[in-house]
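>>> sequence and computational prediction follow.
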Amino acid sequence: MDTAIAEGGARTGSEQETGLTALLEGLLEADNAGIAARLAVDAVTENQWADEACCLLQREGASRAETLAFSPRNRREQGSKQGPGLVTDLSLEVPHAAPGALYLPIAVAPQGRACRGMLVCRGVQQQSKATLLRVARSLGLALRRLAELERSLVSERLLRHERTQLDGIVAALPDPILVADGDGRAMPTNAAARRLFGPPLVPGEGRRRAMALNESLFRAAWASQALGTGGSALFLADPETGEDRLFEQLTARTGAGPAGTVVSMLRDVTDLRRTADELEANYRRMQRLEAESRAERDQMDLIIDAVTDPIVVTAPDGRIVLMNRPAERLFLAGDVAAALPVRQAVRENDRHFSRFMTSLMESAHETRLRGTLMLTDPQTLEPVPVEVHAGKLPPAAGERPGMVTILHDRSEALENARLCTELRRASDELEEKVRAATAELLDRNEQLRRQHLALEQASALKTQFLANMSHEFRTPLNAILGYTAMLLQGVSGDLPAPAKRHLTRVDSNARHLLGIINDILDISRIESGRMPLTLTEFSLEELIAELLAEAEPVIAKSRLVVTAQTAQGLPLVRSDRQKLKQVLLNLVTNALKFTHEGSVTLEAAHDPEGDQMQLRVRDTGIGVAPSDRERIFEDFRQADNSPTREYGGTGLGLAIVRRLTEMLGGQVSLESTLGEGSTFSVAIPRRLRRR
Amino acid sequence: MSERAARRRVVLVVDDFEDNREMYIEYLSHHGFEALGAATGTQALELAFAHRPDAVLMDMSLPGLDGWEATRRLKADVRTAGTPVIALTGHVLAGHSQRAAEAGCDAFLSKPCLPELMLQTVRRFTAAEGAADDAT
């Protein structure tokens, strides 16, 4: 029975059914039940099972009502009560069941695949129902076996079919395919392989040798591949044409162990290789060219960016195709959120530039163009005067030329020019000032010279005036003093005593006036430098004796003891005798005036240290308070400067002493104790030298 | 006495300031001299040449022909070349006495010059010629 089924080879539903029908008939015969039965089998899904079952039933002449029993309405109940491989006693509610028909569901599940059937028995008696159930159970088991058998049959058939297909494919492949055994002997499996390895279809020595060579080459390649050292490329000879061809060898090992077979597929890559080589070479060249051009481009970009002047390249249509960073600074706002003034500046710059470029493009025929523009720096909003240098790029056929434009910032140049102008102006101004100052200086000098002259003249005039004044004073004084003297002498006869007393007052006042005039004249002469030094060598003792003799009348009148104390062996003095005499005379007169009783002493000594002459006039007079010691040497000063002063004198005596002493190269000093007396000291060089 | 009357010494007083001139004239007359007065240099020369005085008292600061020039002319003229000229000046500045000596003055007096000093000096120059006895 197995054999029969296997040989039946039924593949379609009808064939299967035929097998099963026969089986069933056999079974039923053996059971001798004489029952007509039909079976429906589904191997796929419940739905299909149901559909097929319905079809079967219809074909078997089942009524429409019977068929309805398998409608999906009932199916759920059926499924839930079935177990695999078991026929369940199922009382189906068949509404229009045929009289005398028994419905027995059969379910098998060989290898998990559901297979359900329905045994329909007609004319079955109630008493033979148990028998029928047994039959159905056997039937289920048999069916299961049958399904398994059928499955293996189907797979063998499929295998055979696939083998045939595979053989067809292998034969049709243009690539040679070989199977190598453990020794690497190649067994060609298709025509393409046989063309290389034989056996030759057309005999020939060349072909045979080529094939033998190929065989050995393949074996060597196989061996190296087996060792894991060789590549997959293999050169073989084409026995038909004799040329070498390159094959790529693809191998797959089938079966396990070292003796397993190896399937090799060879692919002729000769042309491919050549193409690939060419492609690669081209690709390399292209890459190199691209790298070169990229490097050039990069370098160009670097150079362009390194240029501090803005550079703009425009396409023939006026579009800007390239800008360096300085140009971007002028023509790009950068951030969309940039401040409004920045965007405005950029827009303005762009407008200016475009207008300029348009006018250049249209008007000029030269390839190089120049112009100036006033742009605005968007960052600082400072105006940027630029010089524009534009060069036309060689145009493509029939096209307008592109432009390379360099904008040179002229701010610095303009600023330099401005500074230069300013500097020149400043320099001119300075020069003018210097000239003016020089002129002024000359003027000033001239003025000073004139002033000097005027001063000299004034000084001379003053001296002259003083001289004249002195003369003019003296003339009337001469008459006053003269007539007074004559009256006192009794030239006009004897006068009464009061008149004589009055005339004596006139006389003394006139003399005082004369003294003042003389002193003023002296000071004036000293100051105007009109009192020249007359240096002579003389003896101090003699000078002092002469002085005392001349002052005798005054001394006698004072009733004071006046003595001279000169050191022994005084050296001769070289100085201005007349001036020294006046100094001493003034000091003695001064001492007499302020001393009421006691003495006046004139001392003279030589101080070898410094070779100086020390002259002192010592009195026992009223003395000078420390606060007055400097004042008394000033013009017209006395210690008592009140209008009703007690002592006469011009107040010029000591002032003249100091001036004359200084002329003689010496100093005058005073030591005094109020109420006890004073000592005036004069120190002069023994030998005065003209300066 | 007769001798004195017969030959009175003549002194010419030259000064443009009348008070001084009259004062010296009066003082000299008081002391027995015959005194003549001249107010200008020109007048002094006329009188000197006409009266041949024994001495001339010459004030140097004179309007017009001044004392120095007058002295030079007196000394240059044979009639008066031997007449002593006593210079009298209110100018006491250095150089005046020297200038006077250069002009030919025989003595130099500076103003104010008291009558006694003037008389003393005049007597010094007229005594050699047998000056009159002092009246005082």
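In hand now; what should we look at? Numbers count the residues shown, from 1 in each chain, chains lettered A, B, ... in the order given.
>>> next one: stretch B:60-78 to chain centre, how far?
Taking Cα atoms, centre = their mean, to the nearest Å, one finds the center of stretch B:60-78 at 12 Å from the center of the full chain.
>>> list the buried residues in that stretch.
B:60-62, B:66-68, B:70-71, B:73-75 (16 or more other Cβ atoms under 10 Å in any protein chain shown). All C-beta spots, glycine's among them, are computed from the backbone N, C-alpha and C.
>>> need those in JSON lines with secondary structure, pLDDT and distance to A:D607, can you?
As requested, the buried residues of stretch B:60-78 are exported to JSON lines (DSSP: H, G, I helix; E, B strand; the rest coil; pLDDT from 0 to 100; distance: Cβ to Cβ, whole Å):
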{"residue": "B:M60", "secondary structure": "coil", "pLDDT": "88", "distance to A:D607": "45"}
{"residue": "B:S61", "secondary structure": "coil", "pLDDT": "85", "distance to A:D607": "47"}
{"residue": "B:L62", "secondary structure": "coil", "pLDDT": "88", "distance to A:D607": "52"}
{"residue": "B:D66", "secondary structure": "coil", "pLDDT": "89", "distance to A:D607": "50"}
{"residue": "B:G67", "secondary structure": "helix", "pLDDT": "90", "distance to A:D607": "48"}
{"residue": "B:W68", "secondary structure": "helix", "pLDDT": "89", "distance to A:D607": "47"}
{"residue": "B:A70", "secondary structure": "helix", "pLDDT": "93", "distance to A:D607": "53"}
{"residue": "B:T71", "secondary structure": "helix", "pLDDT": "93", "distance to A:D607": "49"}
{"residue": "B:R73", "secondary structure": "helix", "pLDDT": "93", "distance to A:D607": "55"}
{"residue": "B:L74", "secondary structure": "helix", "pLDDT": "93", "distance to A:D607": "53"}
{"residue": "B:K75", "secondary structure": "helix", "pLDDT": "93", "distance to A:D607": "51"}
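>>> which of the residues you listed come close to chain A?
Filtering the buried residues of stretch B:60-78 for neighbours of chain A using Cβ under 8 Å from any Cβ of the partner chain leaves B:S61.
>>> can you tell me which of the buried residues of stretch B:60-78 is closest to B:R9?
B:L74 (17.2 Å; Cβ to Cβ).
>>> separation between the closest one and B:A39?
Computed with Cβ to Cβ, to the nearest Å, the distance linking B:L74 and B:A39 is 16 Å.
>>> same deal with A:M663?
When distances are taken as Cβ to Cβ, A:M663 and B:A39 turn out to be 41 Å apart.
>>> chain B contacts on the stretch 451-600 of chain A?
Remark: the part of the stretch 451-600 of chain A in contact with chain B comprises A:467, A:470-483, A:485-486, A:489, A:491, A:514, A:518, A:521, A:525, A:530-532, using Cβ under 8 Å from any Cβ.
>>> ok, of these, which come out buried?
A:467, A:470-471, A:473-483, A:485-486, A:491, A:514, A:518, A:521, A:525, A:530-531.
>>> pLDDT score assigned to the residue most central in space within chain B?
By Cα atoms, centre = their mean, the mean C-alpha position of chain B lies nearest to B:L57, the distance being 1.7 Å. In the predicted model, B:L57 carries a pLDDT score of 95.
>>> in which helix or strand does it reside?
Take DSSP states H and E as the rule and B:L57 turns out to sit in strand B:55-59.
>>> for A:R209, same thing?
helix A:205-227.
>>> helices or strands up against that helix?
For helix A:205-227, the helices and strands in contact under the criterion 3 or more Cβ pairs under 8 Å, 6 or more residues apart in numbering or on different chains; DSSP states H and E are strand A:177-180, strand A:186-188, helix A:191-197, strand A:233-237, strand A:244-254, strand A:261-268.
>>> if you set the cut-off to 7 Å instead, what comes out?
Packing contacts for helix A:205-227, counted by 3 or more Cβ pairs under 7 Å, 6 or more residues apart in numbering or on different chains; DSSP states H and E, involve helix A:191-197, strand A:233-237.
>>> using PDB, write out the CA atom coordinates for the strand holding B:L57.
Output in PDB follows, covering the C-alpha atoms of strand B:55-59 (Å, rounded to 0.1, in the frame of the first residue of the first chain):
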ATOM      1  CA  ALA B  55      94.400 190.400  40.000                       C
ATOM      2  CA  VAL B  56      91.300 189.000  38.400                       C
ATOM      3  CA  LEU B  57      88.700 187.100  40.400                       C
ATOM      4  CA  MET B  58      87.000 185.100  37.700                       C
ATOM      5  CA  ASP B  59      83.700 183.200  38.000                       C
END
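>>> pull up the pairing partners for it, direction included.
In its sheet, strand B:55-59 lies beside strand B:10-14 (parallel), strand B:85-89 (parallel), with partners assigned from DSSP bridges.
>>> and the ones you listed as TSV, adding mean pLDDT?
As requested, the strands paired with strand B:55-59 are exported to TSV (pLDDT from 0 to 100):
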stretch	mean pLDDT
strand B:10-14	95
strand B:85-89	90
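>>> reformat those strands as JSON lines; add distance to A:R160 and mean neighbour count.
Rendered in JSON lines, the data for the strands paired with strand B:55-59 read as follows (distance: least, Cβ to Cβ, whole Å; neighbours: other Cβ atoms under 10 Å in any protein chain shown):
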{"stretch": "strand B:10-14", "distance to A:R160": "193", "mean neighbour count": "26"}
{"stretch": "strand B:85-89", "distance to A:R160": "183", "mean neighbour count": "25"}
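>>> what does chain A have sitting close to chain B?
Chain A has residues A:467, A:470-471, A:474-475, A:477-479, A:481-483, A:485-486, A:491, A:514, A:521 near chain B, with proximity defined as Cβ under 7 Å from any Cβ of the partner chain.
>>> give me the low-pLDDT residue ranges for chain B?
B:1-6, B:92-95, B:128-136 (pLDDT under 70).
>>> show me which residues of it are close to chain A?
With Cβ under 7 Å from any Cβ as the criterion, chain B meets chain A at residues B:17, B:19-20, B:23, B:27, B:30, B:61, B:90-93, B:111-116.
>>> switch the cut-off to 10 Å
Counting by Cβ under 10 Å from any Cβ of the partner chain, chain B comes close to chain A at B:15-24, B:26-27, B:29-31, B:59, B:61, B:88-96, B:110-118, B:136.
>>> show me these that map onto helices.
Residues from the residues of chain B next to chain A lying in helices, with DSSP state H as the criterion: B:18-24, B:26-27, B:29-30, B:96, B:115-118.
>>> narrow the residues you listed to just the buried residues.
Under a neighbour-count criterion of 16+ other Cβ under 10 Å, the subset of those counted as buried comprises B:20-24, B:26-27, B:30, B:96, B:115, B:118.
>>> pull the contacting residues for whichever residue of the stretch 51-200 of chain A sits closest to chain B.
Nearest residue of the stretch 51-200 of chain A to chain B, counting by Cβ to the nearest Cβ: A:D175, 154.2 Å away. Remark: with contacts taken as Cβ atoms under 10 Å, 6 or more residues apart in numbering or on different chains, A:D175 is in contact with A:190, A:192-193, A:247-248, A:250, A:265-268.
>>> ok, 6 Å please
Under the criterion of Cβ atoms under 6 Å, 6 or more residues apart in numbering or on different chains, the neighbours of A:D175 are A:265, A:267.
>>> hang on, it in a strand?
No. Applying DSSP: H, G, I helix; E, B strand; the rest coil, one finds A:D175 to be coil, outside a strand.
>>> which phi and psi does it have?
The phi and psi torsions at A:D175 (degrees, to the nearest 10) take the values phi -90, psi 140.
>>> and A:T566, what are its bridge partners?
Following DSSP bridges, A:T566 is listed with bridge partners A:A604.
>>> would you mind measuring from A:S155 to A:L166?
If you go by Cβ to Cβ, the gap between A:S155 and A:L166 works out to 16 Å.
>>> do A:M361 as well
A:M361 sits 74 Å away from A:L166 when distances are taken as Cβ to Cβ.
>>> which one's more surrounded, those two?
Shown here are A:M361 and A:L166; by other Cβ atoms under 10 Å in any protein chain shown, A:M361 has more neighbours (18 against 10).
>>> for that one, give me the pLDDT.
At A:M361, pLDDT is 70.
>>> quick check: which element contains it?
When elements are assigned from DSSP H and E, A:M361 belongs to helix A:340-363.
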